[in-house]
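S.K.: sequence? don't have it. structure:
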Ligand code: BGC
């Protein structure tokens, strides 16, 4: 006969008994316990580390009252503790640790002190170096953990659809494959240090204008091929523990109560085992959200506190559904060791280090993109007198973006400071803030080289009104360029800007929001201590009209809806499909060295089993033909065999190669079966069309000198 063990369980605040087969507990290696004597860990069977996270969560669930469960599925607002941006209290009776959530995209946010200000994520990804992103995640995760954070609200991996998007600087760029690789790297980095990472913002969070109500109208193929992949990668390869549903709606339903996004895509298609939390105040309902799959409301209990108790009492939300939400949260906490590993740091802890400062500098250097270098104006000679123009050069350095990723920088090295330190008195450095054009021109004229710092003030909560530089900065550049032929412009922008003066300047550098080491990084690039190797992770358009989202219906939307009528033609895909020449293409960036690619070999050339896990190897030779050591990014694009609605070509692999002057190296990249696949909404899945695919290899989306065909049998 079966032996049953009695466990006390509180339901609707009434203690009830449930019976668990004793054999199950014995099988799990646990002595039966009674809830009455749960005061040390031996009486807490869920603390057995030999059990799986799911087993531990199930055992803990059995011991929880209804109220204790409801406590887990929402934050407490206002928070009873200092710091952080989200807080779920711990449970002393059962030994459940508190959840402390903090923002952090360029370092620990929410007003934290004594932390490292890293460059903006867009700067880090402009390195095109996923190893660097892994380290970026490690530094961020390490400081979060030592601040007491156990859930770090990073990274943002939404594909940039609208170039004016106010959160472009927090993102990775405009390509789904590229963003996927960066998301995997950063998540693994963060989670290696203790905190659970958070893939945000799920899904179609592509604009700030009207962001609390905007409805993204987007077809399923586009969702699957463009917007979902970074989240898919975050879950499948990154093993991210949490996902944040977004403010906006997708096809009529808010992200945090959208059954297609939460149940069909996240849970069913992607088999996501972690938990979904809402963006801050992005929950709009109790019953619809709970039943669609939102596990946790943030930051407070508007819908998941008393209203959830009521919905459970009247049967609109089942106890099984509540259990499922709690189980996901607990199982994830167990999986990431939150019950097992000590965390002693607090919000007051001093967590920045000299190593992290050096890393911040490295990211800024690696992410800086050299866009123009007429007549080899750069690198500069130490003997040349310099005029630094623009407030971002000295009084008001533009080192970071605004909004929830805003931070308290421990210091910011200004460009003037960095350049002066680098020159150590060997040449004059003059400065003008640029507010007076005549004065700026005069200062520029007196120097051998003029460097103008221009910027956009990007922030969460607002899109840029257009792509022009604000505050008459175009006029400043024109005035300086007219006064000095050796004018270099440094952009501190979160994304693309229009540059009507491009033909009048000698040098152009995109330095993004470079973090606390701003001035040291730009000095290292200007004087060639570091050879620039960054590449654009998004397209810079030539004119305001020549962008993929150039109608009001697309952005900012009409009657609250933004129609994704460009479909798959996002970013460079659109420029290629419409044969529009951008100002600077996706993947573009110059070096002080030169590189030559040759000897492309594809193996195999005829592919039978794509779709059945067969990778295609891409081999080539890369040579540094210049006089300086440097790095080049090899990019592989794939062109579909026929006009089947796909963009002309899409990035499917990339790698960064460091080469000494004159050095040659063989490089191998792999194309996964997905590289040849398209999503078929009728099949609800991916298929590989039969035919001749073109593999294009080069150093930007518009410079692909090596090309070969591959025959694919398809499926
Ligand atoms: C942002 C999130 C952020 C949250 C908490 C929201 O406004 O969209 O990215 O994590 O606030 O600060």
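M.R.: Here it is on my side, so go on. Remember, it's a predicted structure, so these values are computed and weren't measured experimentally. Numbering: from 1, shown residues only.
S.K.: is stretch 87-98 up against the ligand anywhere?
M.R.: No. Stretch 87-98 does not reach the ligand (Cβ under 6 Å from any ligand atom); its nearest approach is 11.8 Å. (Glycine included, C-beta is placed from N, CA and C.)
S.K.: for residue 112, which non-adjacent residue is spatially closest?
M.R.: Excluding the flanking residues, the one nearest residue 112 by Cβ to Cβ, 6 or more residues apart in numbering is residue 147, at 5.9 Å.
S.K.: so the one you found touches residue 351, yeah?
M.R.: Yes. In this structure residue 147 lies within contact range of residue 351 using Cβ atoms under 8 Å: 5.7 Å.
S.K.: which one of these two is surrounded by more residues?
M.R.: Set side by side, residue 147 and residue 351 show unequal neighbour counts under other Cβ atoms under 10 Å, the larger going to residue 147 at 28 against 22.
S.K.: so which helix or strand takes in the closest residue to the ligand within the stretch 601-715 of the chain?
M.R.: As assessed by Cβ to the nearest ligand atom, the ligand sits closest to residue 651 within the stretch 601-715 of the chain, at 26.1 Å. Following DSSP states H and E, one finds residue 651 within strand 650-659.
S.K.: adjacent strands (with direction) for that strand?
M.R.: The pairing partners recorded for strand 650-659 under DSSP bridges are strand 630-639 (antiparallel).
S.K.: name the residues of the partner strand that are buried.
M.R.: By 16 or more other Cβ atoms under 10 Å, the buried positions in strand 630-639 come out as 630-639.
S.K.: okay if I get the residues you listed as a markdown table plus pLDDT and distance to residue 54?
M.R.: Putting the buried residues of strand 630-639 into a markdown table (pLDDT from 0 to 100; distance: Cβ to Cβ, whole Å) gives the following:
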| residue | pLDDT | distance to residue 54 |
| --- | --- | --- |
| 630 | 98 | 49 |
| 631 | 98 | 44 |
| 632 | 98 | 46 |
| 633 | 98 | 41 |
| 634 | 98 | 42 |
| 635 | 98 | 41 |
| 636 | 98 | 39 |
| 637 | 98 | 41 |
| 638 | 97 | 39 |
| 639 | 97 | 44 |
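S.K.: in CSV, list the residues you listed along with distance to residue 389.
M.R.: Output for the buried residues of strand 630-639, formatted as CSV (distance: Cβ to Cβ, whole Å):
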residue, distance to residue 389
630, 29
631, 30
632, 32
633, 31
634, 37
635, 35
636, 40
637, 39
638, 44
639, 44
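S.K.: just list whatever residues bridge to the residue lying closest to residue 602 once chain neighbours are set aside.
M.R.: Closest residue in space to residue 602, ignoring its immediate chain neighbours: residue 708 at 4.9 Å, by Cβ to Cβ, 6+ apart. Residues in a beta bridge with residue 708, per DSSP bridges, are residue 695.
S.K.: contact partners for residue 57?
M.R.: Residues in contact with residue 57 (Cβ atoms under 8 Å, 6 or more residues apart in numbering) are 46, 326-327, 330-331, 334.
S.K.: over to residue 137?
M.R.: The contact partners of residue 137, by Cβ under 8 Å, 6+ apart, come to 154-155, 185-193, 197.
S.K.: is it in a helix, a strand, or coil?
M.R.: Of the three states, residue 137 takes helix according to DSSP: H, G, I helix; E, B strand; the rest coil.
S.K.: now swap in residue 454 and tell me
M.R.: strand.
S.K.: in the stretch 501-650 of the chain, where is pLDDT below threshold?
M.R.: 608-613 (pLDDT under 70).
S.K.: mind listing what's buried in stretch 522-533?
M.R.: Buried-residue list, stretch 522-533, by 16+ other Cβ under 10 Å: 522-527, 530-533.
S.K.: could I get the average pLDDT for stretch 365-381?
M.R.: For stretch 365-381, mean pLDDT rounds to 98.
S.K.: sec struct for whichever residue of the chain sits closest to the ligand, please.
M.R.: The minimum distance from the chain to the ligand, using Cβ to the nearest ligand atom, falls at residue 404 (3.5 Å). Using three-state DSSP, the structure places residue 404 in coil.
S.K.: give me phi/psi at the closest residue to it other than its chain neighbours?
M.R.: Leaving aside its chain neighbours, residue 404 sits nearest to residue 103 (4.8 Å; criterion: Cβ to Cβ, 6+ apart). Note on residue 103: backbone dihedrals following degrees, to the nearest 10 are phi -70, psi 160.
S.K.: is it true that residue 103 touches residue 111?
M.R.: No. Contact criterion Cβ under 8 Å: residue 103 and residue 111 do not qualify, at 9.8 Å.
S.K.: with neighbour numbers in mind, choose between these two.
M.R.: Legend: neighbour count by other Cβ under 10 Å for residue 103 and residue 111, higher for residue 103 (27 against 16).
S.K.: show me which residues of the stretch 201-350 of the chain sit near the ligand.
M.R.: Contact residues, the stretch 201-350 of the chain versus the ligand (Cβ under 6 Å from any ligand atom): 279-280.
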